[in-house]
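Trainee: sequence first, predicted coordinates after that:
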Amino acid sequence: MPKMTKYQLDHFKSKVKRQFNPMIEEQELLVKRFKTEATDKAVGKLSKKMGADKILARFRVAEQMLKEARDSARTFFNKKVKNEDNRTLTYNVRNRDERLSLEDCEEQLRDWASDLAQREIERRPEGAKLKHLKDLKLKAIDTVMEAGTPETLIISLNLVSQKIGLNWNQELKALPSVN
């Protein structure tokens with residue numbers, strides 16, 4: 001019984017990917033749309049449920065006031081530098097960014113909401129189908145790596161491929177004749 005070569009194994013793995021990847025990518029796009037919608041809805045609900053909405057509202061007001069104060073300070077110091085010949089601005093006045101921002105807080109909430117949305121998506125039919133496709137692809141790759149001969153591998157891969165509505169050995173149609 002001849003063993004399969006590395007090239008044969010690579011070919012089988014490549015063919016598994018050619019069969020499964022288009023279907024997985026299509027399903028991922030569908031799931032991504034649902035996840036985005038669910039995340040957008042979850043951010044507001046999560047923020048309100050956690051009490052973060054009040055903190056964020058105060059943060060927005062404070063950041064606006066801070067921005068106005070920074071702008072006034074920069075304008076003031078820039079005018080003073082221009083009026084005096086020997087004065088220069090320190091690095092902090094020219095380029096300093098503050099550490100925690102409203103965007104940081106909103107991004108954290110969005111990450112948490114995204115995780116919640118992902119768990120919700122996995123319960124939807126689209127998410128379940130995506131998981132099933134990924135599991136079948138993994139099964140097909142495992143079958144390739146564990147097979148002994150090409151003949152038995154083709155039979156096994158045909159069984160896995162049939163679960164996604166394909167045959168392992170696709171028959172190609174003849175090109176239409178051009179007159």
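Mentor: On my side now, so go ahead.

Trainee: how much space between the residue most central in space within the chain and Lys41?
Mentor: Note on the chain: the residue nearest the mean C-alpha position is Lys32, at 7.9 Å, using CA atoms, centre = their mean. As judged by CB to CB, to the nearest Å, Lys32 and Lys41 stand 15 Å apart. C-beta: built from backbone N, CA, C; applies to glycine.

Trainee: same question for Arg70.
Mentor: Between Arg70 and Lys41 the distance is 34 Å, computed by CB to CB.

Trainee: one more: Glu63?
Mentor: Using CB to CB, one obtains 25 Å as the distance from Glu63 to Lys41.

Trainee: check Lys35 too.
Mentor: Using CB to CB, which is the criterion applied here, Lys35 is 11 Å from Lys41.

Trainee: compare the two (neighbour count), which wins?
Mentor: Neighbour count, other CB atoms under 10 Å: between Lys35 and Lys41, Lys35 has more, with 21 against 14.

Trainee: need the pLDDT of the more buried one.
Mentor: With respect to pLDDT, Lys35 has a value of 88.

Trainee: just Pro2 next, same as before
Mentor: With respect to pLDDT, Pro2 scores 67.

Trainee: go on, Val16?
Mentor: The pLDDT attached to Val16 in the predicted structure is 90.

Trainee: what sits closest to Lys163 if chain neighbours are left out?
Mentor: Of all residues beyond its chain neighbours, the one nearest Lys163 is Leu136 (5.7 Å), with distances taken as CB to CB, 6 or more residues apart in numbering.

Trainee: need the contact partners of stretch 110-120.
Mentor: 35, 38-39, 42-43, 46 (CB atoms under 8 Å, 6 or more residues apart in numbering).
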